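Asks: Pasted the sequence and its predicted model underneath.
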Amino acid sequence: MASKKNFVLRIDDSTYEALEKWAADEFRSVNGQLEWIIARALKEAGRTPKERQAPPPKKDGGMN
């Protein structure tokens, strides 16, 4: 699982309240809702980070 970074976000009360209601409507936490919004925005902008791909298996079938 990828590690997560912590950061401070300052938003006004009315924006937070709207975000809190939206999150509750979709059964998410405010943090989860923000993660979903950011992921969607990145995808729509074509800026989704590339996922790491596992290396191909070795041809000899060995473990190392």
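Replies: Done, it's in. Numbering: from 1, shown residues only.
Asks: Could you report the pLDDT at Trp36?
Replies: You'll see Trp36 listed with a pLDDT of 96.
Asks: Kindly confirm whether my reading is correct that it touches Arg28.
Replies: Yes - proximity of Trp36 to Arg28 meets the contact threshold set by Cβ atoms under 8 Å, at 6.7 Å. For every residue, glycine as well, the C-beta is placed using N, CA and C.
Asks: Not including adjacent chain positions, what is the nearest residue to Thr33?
Replies: Actually, residue 33 is Gln rather than Thr. Using Cβ to Cβ, 6 or more residues apart in numbering and skipping residues adjacent in sequence, the residue nearest Gln33 is Ala23, 3.7 Å away.
Asks: give the contact list for that neighbour.
Replies: The neighbours of Ala23, taking Cβ atoms under 8 Å, 6 or more residues apart in numbering as the test, are Ser29, Val30, Gly32, Gln33.
Asks: roughly how far is the helix or strand harbouring it from the heart of the chain?
Replies: Using DSSP states H and E, Ala23 sits in helix 13-25. Its chain's average C-alpha position is 18 Å from that of helix 13-25, according to Cα atoms, centre = their mean, to the nearest Å.
Asks: what residues does the helix or strand just after it touch?
Replies: On the C-terminal side of helix 13-25, the nearest following helix or strand under DSSP H and E is helix 30-44. Residues outside helix 30-44 that contact it (Cβ under 8 Å, 6+ apart): Leu9, Tyr16, Leu19, Glu20, Trp22, Ala23, Glu26, Arg28, Thr48, Pro49.
Asks: and the helix holding Ala23, average pLDDT?
Replies: 98.
Asks: now that helix against helix 30-44, angle please.
Replies: If you take axes from the mean of the first three to the mean of the last three Cα atoms, to 10 degrees, helix 13-25 sits at 90 degrees to helix 30-44.
Asks: how about helix 13-25: buried residues?
Replies: Residues of helix 13-25 classed as buried under the neighbour-count rule (16 or more other Cβ atoms under 10 Å) are Ala23.
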